[in-house]
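Q: Quick check, what structure comes out for this input:
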Amino acid sequence: TDIYRQEYDLENAEDIAEVIAVGQLVSIAFGDFSDCLQTADFTPLEADLMEHKFYAPGIGPVLEVDLITGDRLELVEIIVE
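A: Predicted structure coming up:
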């Protein structure tokens, strides 16, 4: 697995992500997305923060799931300019 820093400012922002799966299918109200990358996101600064995020090719983040509360943040619109 790949682990990488998303943001680093000692004691202020120490966000880390780990790639935990590729090729995932994500179904949300907006639609279905295939071949998604799934990460586990966390920070040593907040023990109660753990999220899974799903990224669709050519789109970016389509779903975030808070593993502690179960709250979900889903893509609702794509704006093409």
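
Q: roughly how far apart are Glu64 and Glu11?
A: Distance of Glu64 to Glu11, given as Cβ to Cβ, to the nearest Å: 24 Å. Where C-beta positions appear, they are placed from N, C-alpha and C, glycine not excepted.

Q: neighbour count winner among these two?
A: Glu64 (16 against 7; other Cβ atoms under 10 Å).

Q: For the more buried one, give me the pLDDT.
A: With respect to pLDDT, Glu64 has a value of 97.

Q: show me what contacts it?
A: Residues in contact with Glu64 (Cβ atoms under 8 Å, 6 or more residues apart in numbering) are Glu51, His52, Lys53, Phe54, Arg72, Leu73, Glu74.

Q: That one: helix or strand, and which one exactly?
A: Assigned by DSSP states H and E, Glu64 belongs to strand 60-66.

Q: What strands line up against that strand, and which way round?
A: Here strand 60-66 has these sheet partners by DSSP bridges: strand 46-56 (antiparallel), strand 72-74 (antiparallel).

Q: Now do the contacts for the residue nearest in space to the middle of the chain.
A: Per Cα atoms, centre = their mean, the C-alpha nearest to the average position across the chain is that of Lys53, at 1.8 Å. By Cβ under 8 Å, 6+ apart, the contact set of Lys53 is Ala17, Gln38, Thr39, Asp41, Pro61, Leu63, Glu64, Val65.
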